[in-house]
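K.L.:
Build me a model:
(chains A and B)
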Number of protein chains: 2
Amino acid sequence: MKRVLLSHGGGGEQSWKLIENVFLKNLKGEKLKRLEDSTPVDVGNRIAITTDCFTVSPLFFKGGDIGKLSVAGTVNDLSVMGAKPMYMTVGFIIEEGFPIEKLERIVKSMSDEAEKAGIEIVAGDTKVVPSGSADGLFISASGVGEVLYGGISSSSIKPGDAVIVSGTIGDHGACIMASREGFDMDIELESDCASLWSLIEPLLESGIHIHAMRDPTRGGLSAILYEWANSSRVSFTIDEEAIPVKESVLGLCEFLGIEPYHLASEGRVVIAVRGEDAQRAINILRKHPLGEGASLIGEAIEPSGSPKVIVRTKIGTERILDPPSGELLPRIC
Amino acid sequence: MKRVLLSHGGGGEQSWKLIENVFLKNLKGEKLKRLEDSTPVDVGNRIAITTDCFTVSPLFFKGGDIGKLSVAGTVNDLSVMGAKPMYMTVGFIIEEGFPIEKLERIVKSMSDEAEKAGIEIVAGDTKVVPSGSADGLFISASGVGEVLYGGISSSSIKPGDAVIVSGTIGDHGACIMASREGFDMDIELESDCASLWSLIEPLLESGIHIHAMRDPTRGGLSAILYEWANSSRVSFTIDEEAIPVKESVLGLCEFLGIEPYHLASEGRVVIAVRGEDAQRAINILRKHPLGEGASLIGEAIEPSGSPKVIVRTKIGTERILDPPSGELLPRIC
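P.N.:
Below you'll find the predicted structure:
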């Protein structure tokens, strides 16, 4: 089996070969092939910029892999700010000895997802570190999008705003957790990893004013609602019964004693709109395969004391949702 | 001593504290403080995009550290394409247990260099991986610049073009090599790590048409000349006597039996211009403290056979320079 060697990271002949045989072979796009120190591209006057490091373990999971995840994560971070994803860059930190075949699968999956999502990979970097200096492979990804719809902000939420999710929550987190713990469950646990621009664009085009929008990755729904609560100085009530969670995910959560609201999704979006726009927004989302499970899950209210998130349970009681805290799940994304 | 914990990467309360106490405290700029998923910024219609992963070991070295290096590397990759550095993003992959005090020194140094170089850090990401999954800390950095001067390209070099370097070569590589091998040399070995926009801008403004420009990082001067040779289908002759190399760097190279032309610089630039523009370009460079050692080192010629780089030695003979090959020095940048 061919493996990545330190010489592949040296910047010389072997590096050139790795770039040609693995990266340029599998990644499309003329701009990348220029191999200059930076890549000129055309954009509108207002762009959005984002970056993420991907350290997920395992690298391959049901529903995706680190390559697909790095594209979807980048596309989604731009989309939720109303920016049409245009260009992205990727950086690889690879441990010496990593199998070339796996690297190629990851690059191919990245390329496929980028093509599907309509984002172009225009620049990249590869570093190889000695064995023991990294665990397998890390990817960094940065994205540039054209801001078509401004004004979306974590601090724009008003009491009375509706909170909508585009589908079941926690699928990615549950999938990674189960595959890492080696659970051999009969039930299906698959990551929801997906690029969301095609789901979000019609909503932006509809004229509905979106106050805030986020993809619930690390820290899950809970992290987003607490960040919004603190930025907008509102509290939230959410209805346990209305929040879509797959039976299999709920089962895992009950087994491990964790909240599904703390689990990461990688292909979902949480949206705050004026209460009167909620149903229209849901109708638009549901027309898209990735938004079929769109649901109204709660609303923003005037805070009494410090902003908090209140869960109305299925049995009719109320409890305060904990903000995510502690180790949760390292290397989830 | 406070250390980075896995919980700092969980996306919850501890993550928010680390971001506030280490990153936002030390990094300037209002845009970063918005903490949205992506950051809107204004630009011209044509931008250049670049990305790099930084894995240098040791993290702190004479003349800089991984934080300063990540900014200078980003600024330089934009500058050499004629793009004014505007915005950058940074991603940290931190091993659990990494001392917070060292992290803060790195972030501070990054902030200082960004301010000096006139580039704004607008977005970031932090991942913490379990102990044993990474060696200390890696940084990914991406940059966006406005393309003010187009047409610079590795494939634009013509026979008769002059090759200029802005100063001594190999200082960074020699410094890292010496500090890693534990050489206790009397002689001074210091990295040349520096942001080069202020050196390059006057040259771009002068109206001299720059055919190609690169910063000689991994693989050194040799890698650039071979990449240029292959892209432009030219050969190069370079004069050993004319290439500025510090005595201390030469000493280390002789001791270890390596070529200074393969050693990385992180604050130098190699430029190809028409032969008749060479002296004017050198005069402009020499006016800047970072360009005091600017020298004409050789020229592009018609290739006979496959493109190659020929060194005219000090004793008057000629030899073919090897392209960089093999492991060279892992984790140099």
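K.L.:
Indicate whether stretch A:214-227 makes contact with chain B.
P.N.:
Yes: counting by CB under 8 Å from any CB of the partner chain, chain B has neighbours in stretch A:214-227: A:214-215, A:217-219, A:222-223, A:227. Every C-beta, even on glycine, is put in place using the N, C-alpha and C of the backbone.
K.L.:
okay, the residues you listed in JSON lines with pLDDT next?
P.N.:
As requested, these are exported to JSON lines (pLDDT from 0 to 100):
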{"residue": "A:R214", "pLDDT": "97"}
{"residue": "A:D215", "pLDDT": "96"}
{"residue": "A:T217", "pLDDT": "95"}
{"residue": "A:R218", "pLDDT": "92"}
{"residue": "A:G219", "pLDDT": "92"}
{"residue": "A:S222", "pLDDT": "96"}
{"residue": "A:A223", "pLDDT": "94"}
{"residue": "A:E227", "pLDDT": "94"}
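K.L.:
Need the residues you listed in a markdown table (columns: distance to A:N21).
P.N.:
Below are the residues of stretch A:214-227 next to chain B laid out as a markdown table (distance: CB to CB, whole Å):
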| residue | distance to A:N21 |
| --- | --- |
| A:R214 | 39 |
| A:D215 | 34 |
| A:T217 | 33 |
| A:R218 | 34 |
| A:G219 | 39 |
| A:S222 | 44 |
| A:A223 | 40 |
| A:E227 | 43 |
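K.L.:
Farthest-apart pair in these, please.
P.N.:
A:D215 and A:S222 (13.9 Å; CB to CB).
K.L.:
mind listing what A:L78 touches?
P.N.:
By CB atoms under 8 Å, 6 or more residues apart in numbering or on different chains, the contact set of A:L78 is A:48, A:50, A:84-85, A:143-145, A:197, B:37-38.
K.L.:
Get me the contact residues on the stretch 101-250 of chain A for chain B.
P.N.:
Checking the stretch 101-250 of chain A against chain B by CB under 8 Å from any CB, the hits are A:122-130, A:132-135, A:138, A:140, A:142-145, A:147, A:150, A:153-154, A:214-215, A:217-219, A:222-223, A:227, A:231.
K.L.:
so of these, which ones are in strands?
P.N.:
The strands, defined by DSSP state E, take in A:122-129, A:138, A:140, A:142-145, A:147, A:214 from those.
K.L.:
what's the angle from the top helix by length along chain A to strand A:137-147?
P.N.:
In chain A, ranked by residue count with DSSP state H as the criterion, the top helix is helix A:100-117. Relative orientation of helix A:100-117 versus strand A:137-147 (axes from the mean of the first three to the mean of the last three CA atoms, to 10 degrees): 10 degrees.
K.L.:
could you give me the average pLDDT of helix A:100-117?
P.N.:
Helix A:100-117 shows a mean pLDDT of 95.
K.L.:
count of residues packed around the closest residue to A:G170 other than its chain neighbours?
P.N.:
In space, and not counting its chain neighbours, A:G170 is closest to A:L263: 3.3 Å by CB to CB, 6 or more residues apart in numbering or on different chains. Residues near A:L263, counting by other CB atoms under 10 Å in any protein chain shown, number 30.
K.L.:
For B:C253, see how far away A:L263 is.
P.N.:
54 Å (CB to CB, to the nearest Å).
K.L.:
mind checking the SS state of the residue lying closest to A:K246 once chain neighbours are set aside?
P.N.:
Closest residue to A:K246 apart from its sequence neighbours, by CB to CB, 6+ apart: A:T168 at 5.0 Å. Of the three states, A:T168 takes coil under DSSP: H, G, I helix; E, B strand; the rest coil.
K.L.:
ok, how many other residues are close to A:T168?
P.N.:
A:T168: 23 neighbours (other CB under 10 Å).
K.L.:
Now the phi/psi pair for the closest residue to A:N230 other than its chain neighbours, please.
P.N.:
Excluding its sequence neighbours, the residue lying closest to A:N230 (CB to CB, 6+ apart) is A:P307, at 5.8 Å. Note on A:P307: its backbone torsions stand at phi -60, psi 140 [degrees, to the nearest 10].
K.L.:
can you pull the contacts of A:P307?
P.N.:
A:226, A:229-230, A:232-235.
K.L.:
Pipe the contacts of A:L78 into a markdown table and attach distance to B:S179 and pLDDT per row.
P.N.:
Shown next, in a markdown table, are those (distance: CB to CB, whole Å; pLDDT from 0 to 100):
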| residue | distance to B:S179 | pLDDT |
| --- | --- | --- |
| A:A48 | 40 | 94 |
| A:T50 | 35 | 96 |
| A:K84 | 46 | 96 |
| A:P85 | 41 | 97 |
| A:G143 | 36 | 96 |
| A:V144 | 36 | 96 |
| A:G145 | 41 | 95 |
| A:W197 | 46 | 98 |
| B:D37 | 39 | 84 |
| B:S38 | 38 | 87 |
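K.L.:
For these, work out which two are farthest apart.
P.N.:
A:K84 and B:D37 (14.4 Å).
K.L.:
got any ranges where chain A has weak pLDDT?
P.N.:
A:184-187 (pLDDT under 70).
K.L.:
where do the helices sit along it?
P.N.:
In chain A, the helices defined using DSSP H lie at A:13-18, A:25-26, A:30-33, A:66-79, A:100-117, A:171-181, A:197-205, A:220-232, A:247-256, A:278-286.
K.L.:
okay if I get these as CSV plus distance to B:G182?
P.N.:
Listed next are the helices of chain A as CSV, based on distance: least, CB to CB, whole Å:
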stretch, distance to B:G182
helix A:13-18, 27
helix A:25-26, 41
helix A:30-33, 40
helix A:66-79, 36
helix A:100-117, 33
helix A:171-181, 39
helix A:197-205, 51
helix A:220-232, 45
helix A:247-256, 47
helix A:278-286, 60
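K.L.:
Pick the most buried one from those.
P.N.:
Highest mean neighbour count among those (mean count of other CB atoms under 10 Å in any protein chain shown): helix A:66-79, with a mean of 29.
K.L.:
quick one: A:E241 and A:I315 touch, right?
P.N.:
No: using CB atoms under 8 Å, A:E241 makes no contact with A:I315, being 9.8 Å away.
K.L.:
Neighbour count for these two, which is higher?
P.N.:
Using other CB under 10 Å as the criterion, A:E241 and A:I315 rank with A:E241 on top: 11 against 7.
K.L.:
hang on, the earlier thing: so which of the contacts of A:P307 comes closest to A:P99?
P.N.:
When the contacts of A:P307 are compared against A:P99 (criterion: CB to CB), the nearest one is A:Y226, at 40.5 Å.
K.L.:
Now the residue nearest to A:G170: phi and psi?
P.N.:
phi -90, psi 140.
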